[in-house]
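**Student:** for reference, the sequence and a predicted model appear below.
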Amino acid sequence: MKTIRPIHNEEDYETALAEIEALWDAEPGTAEADRLEVLMTLVEAYEAEHYPIPAPDPIELLLHVMEARGLTRRDLEPYLGSRARVSEVLNRRRPLSLEMIRKLQAGLGLPADVLVQPYPVQVRSTRPLAPRLSF
């Protein structure tokens, strides 16, 4: 059995993945299962450093949850407010408030740590000011 070493580069990573695949059906409690567990831990650490997965956009999360659970915009009204408010939030014209985030977490079980992430909000364009004339 080869010695387990840290994963330093892509070649080490690919080798570890191949060995994980070969050990995938190892019987629990065996040396092979222990080796599989250690290799998986090393791969997870390497992937976390080299292939981080960013937190999802809060509005994308809401849209995904709506689709996955078959929810409508009306179903979000208890958490976000009126129909107009739901529309503003989903169309990125209004950010989620702390109260909305609390209600979404409590009512739909959504992770608050994702909902508090910054995301782009459309700024309403204001009418340009008339140029000042100086005399």
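**Tutor:** Happy to help now that I have it. Numbering: from 1, shown residues only.
**Student:** okay, now the domains of this structure?
**Tutor:** 10-50, 58-115 (automatic domain parsing).
**Student:** give me whichever of those is most buried.
**Tutor:** domain 58-115 (a mean of 15; mean count of other C-beta atoms under 10 Å). From N, CA and C alone the C-beta is placed, and that goes for glycine too.
**Student:** how far does that domain stretch from start to finish?
**Tutor:** 5 Å (C-alpha to C-alpha, to the nearest Å).
**Student:** can you check stretch 53-62 too?
**Tutor:** From its first residue to its last, stretch 53-62 covers 18 Å (C-alpha to C-alpha).
**Student:** mean confidence score for it?
**Tutor:** Mean per-residue pLDDT for stretch 53-62: 91.
**Student:** same thing with stretch 67-75?
**Tutor:** pLDDT averaged over stretch 67-75 gives 97.
**Student:** quick one, what contacts Pro58?
**Tutor:** Leu96, Val114, Leu115, Val116, Gln117, Tyr119 (C-beta atoms under 8 Å, 6 or more residues apart in numbering).
**Student:** contacts only, for the closest residue to it other than its chain neighbours.
**Tutor:** Nearest residue to Pro58 in three dimensions, chain neighbours excluded: Leu115, at 4.9 Å (C-beta to C-beta, 6 or more residues apart in numbering). Leu115 makes contact with Pro58, Leu61, Leu96, Ile101, Leu104, Gln105 under the criterion C-beta under 8 Å, 6+ apart.
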